[in-house]
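*Asks:* quick one: sequence and predicted model below, then my questions.
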Amino acid sequence: MSEPLTSAQLFDSHGERLRLCWLAGREGADAVIPFPAREAADQRLVDYLNPGRPHPIQVIGHAEHAYMASLDAGTRHGWLASVFATRPAMLILSDDLEPGTELREMADATMTPLLGTPLEALRVLEYLQYQLEGLAAESEILHGVFIEVLGIGVLLTGLSGAGKSELALELINRGHRLIADDAAQFTCRTPGVIIGTCPPLLRDFLEVRGLGILNIRAMFGDNALLTSKRLRLIIRLDVSTEKLSDESARLDGGHQLRNIQGVEIPQLNVPVAPGRNLAVIIEAAVRNHLLSRSGYNAAEDFSERQRRLMTGKES
């Protein structure tokens with residue numbers, strides 16, 4: 001994780017969405033929430049309350065609340081003591097459940113943030129898992145423009161001056177959506193899935209040579225932007241004058257695989273030359289990629305048709 005996260009920051013960032021309120025333990029608001037190590041067997045940051053398998057953020061739902069209520073006073077006190085002995089970073093009481101005096105007092109005594117919400121436990125759990133657990137994963141900054149084209153995340157790369165931003169601007173004008181310009185941040189949140197986001201400082205902006213910094217949200221509206229997207233395809237704009245001489249490269253466009261965070265992502269090299277309509281070419285490349293994902297390969301289809309013609313088996 002690039003920066004530490006405190007309970008106060010979590011409340012400020014997600015409190016309105018989750019309708020959180022402070023119940024106790026506000027003195028621990030500035031304590032850093034520890035993220036599980038990547039090599040840990042269980043890397044979950046958020047889970048239901050369980051002193052036997054403690055996680056930094058623990059949610060108390062109807063089942064956990066009912067269990068505490070079923071215990072006699074002495075047993076409940078000992079059980080709650082074991083909960084706080086694991087030093088949770090935060091407890092969240094869902095469904096507008098009543099915390100009770102004992103839970104409040106222990107949270108205050110141990111400076112453990114205790115928050116409440118009217119939302120159901122599962123909804124809180126799933127939201128925080130999605131929003132926060134990706135922060136614990138290692139990320140990689142890649143130079144280029146990350147944009148959604150025809151529903152999939154495409155990273156446009158290439159040397160400086162290749163025309164990436166100009167191409168992105170034309171694609172946005174054609175109805176596609178910008179995610180990040182210049183430096184997109186990619187994270188492997190789940191096995192085989194790379195999610196790209198935009199650093200906060202660069203959000204909404206696109207730099208185009210000759211025009212300077214453009215605010216895409218102000219120019220095109222909210223629908224022209226996305227906050228994140230799964231990376232499916234990398235297209236490298238090639239400004240070299242060398243032509244593709246290999247016959248197979250001519251047939252399939254010179255497809256390669258690029259390793260991003262341990263995941264192989266298809267990469268296509270597209271030559272840049274005067275007079276080429278790159279926006280149309282990129283759209284065609286994405287459509288062809290979608291076809292290949294569905295099992296159709298135009299190069300193989302053409303080769304098979306050529307083979308049948310040469311062998312006299314063409315019907």
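*Replies:* That came through fine.
*Asks:* and residue 119, that one's in a helix?
*Replies:* No - according to DSSP: H, G, I helix; E, B strand; the rest coil, residue 119 belongs to no helix; its state is coil.
*Asks:* what's around it, how many residues?
*Replies:* By other C-beta atoms under 10 Å, 18 other residues sit near residue 119. C-betas here are computed from N, CA, C, even on glycine.
*Asks:* now do it, the pLDDT please.
*Replies:* Note on residue 119: pLDDT of 95.
*Asks:* for it, what are phi and psi?
*Replies:* phi -70, psi 160 (degrees, to the nearest 10).
*Asks:* so who does it touch?
*Replies:* Going by C-beta atoms under 8 Å, 6 or more residues apart in numbering, residue 119 touches 18, 19, 94, 95.
*Asks:* so how far is residue 103 from it?
*Replies:* 19 Å (C-beta to C-beta, to the nearest Å).
*Asks:* you'd agree residue 172 is in a helix?
*Replies:* Yes - under the criterion used here (three-state DSSP), residue 172 sits inside a helix.
*Asks:* and the strands in the stretch 101-250 of the chain?
*Replies:* With DSSP state E, counting those that start in this stretch, the ranges of strands along the stretch 101-250 of the chain come out as 114-116, 139-143, 145-149, 152-158, 177-180, 183-190, 193-197, 205-208, 212-215, 228-238.
*Asks:* pick out the most distant pair among the contacts of residue 119.
*Replies:* Farthest-apart pair in the contacts of residue 119 is 18 and 95; separation 12.4 Å (C-beta to C-beta).
*Asks:* quick revisit: which one of the contacts of residue 119 is nearest residue 233?
*Replies:* Nearest member of these to residue 233, counting by C-beta to C-beta, is residue 18, at 34.5 Å.
*Asks:* so that closest one sits against residue 117, correct?
*Replies:* Yes - using C-beta atoms under 8 Å, residue 18 is in contact with residue 117, at 5.3 Å.
*Asks:* list residues touching both of these two?
*Replies:* residue 124.
*Asks:* spit out the contact partners of residue 105.
*Replies:* When contacts are counted by C-beta under 8 Å, 6+ apart, residue 105 touches residue 24.
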